[in-house]
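# let me see the structure of the following:
(chains A and B)
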Amino acid sequence: AQRVTQPEKLLSVFKGAPVELKCNYSYSGSPELFWYVQYSRQRLQLLLRHISRESIKGFTADLNKGETSFHLKKPFAQEEDSAMYYCALQDSNYQLIWGAGTKLIIKP
Amino acid sequence: DTEVTQTPKHLVMGMTNKKSLKCEQHMGHRAMYWYKQKAKKPPELMFVYSYEKLSINESVPSRFSPECPNSSLLNLHLHALQPEDSALYLCASSQYVDSNQPQHFGDGTRLSIL
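So this is what the prediction gives:
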């Protein structure tokens, strides 16, 4: 079955600390994975996609096919990173399968 | 213009009313989507349009009726909604339905059913 798992509903870290938001997937083919972010009262927006292998707002995510993971990382959290983060997998019909989301809170 | 614009931002309606949600994009995208999002939950896909034709209907009740008048516009007509239909309704677009290009989302319409 195709599935995306974000095991943490809530993650709270102090400003300046490293952040890792976990995402595991179940998919038989070659996965196309995305991280979307939803800041308070703002639209859902693309943060990263694995195919581009870029860093946005200091975040990176590496696809690990062996562990079927696509964890989102940032070495030093900032208060403006507080938001809801969704990991999503594009299925064979090109539709998005969403994880349940992780709410990230950065404490001052 | 790299945005998806949705109107209205908020809508309160009674269960017997008829209203419409509107979505517009001018990025030349040929795929458009309606999602429903409950608080603190991921979006749930409702409908997908490809080249102005309905390509996916995720078993959505008939009280929701989508319409794609042209390649830039997407409407969602609402009639006889139930209180459980209260949610944030998101419109999104992407270059094509069958590509790995990301979806671009609008701000959403926050719908409350009395």
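
# ok, the residue of chain B at minimum distance from chain A to B:Val12 distance?
Chain B approaches chain A most closely through B:Pro42 (3.5 Å), counting by Cβ to the nearest Cβ. C-beta: built from backbone N, CA, C; applies to glycine. In this view, B:Pro42 and B:Val12 are 25 Å apart by Cβ to Cβ, to the nearest Å.

# looking at chain A, which residue is nearest chain B?
Scanning chain A for proximity to chain B using Cβ to the nearest Cβ identifies A:Trp98 as nearest, at 3.5 Å.

# so that residue touches A:Tyr85, yeah?
No: counting by Cβ atoms under 8 Å, A:Trp98 stays clear of A:Tyr85, with 11.2 Å between them.

# who has more neighbours out of these two?
Legend: neighbour count by other Cβ atoms under 10 Å in any protein chain shown for A:Trp98 and A:Tyr85, higher for A:Tyr85 (23 against 20).

# which residues does the more buried one form a beta bridge with?
A:Val37, A:Thr102 (DSSP bridges).

# let me see the contact set for it.
A:Gln6, A:Leu21, A:Trp35, A:Tyr36, A:Val37, A:Gln38, A:Leu47, A:Leu72, A:Gly101, A:Thr102, A:Lys103, A:Leu104 (Cβ atoms under 8 Å, 6 or more residues apart in numbering or on different chains).

# could you do A:Phe76 as well?
Per Cβ under 8 Å, 6+ apart, neighbours of A:Phe76: A:Gly16, A:Ala17, A:Pro18, A:Gly58.
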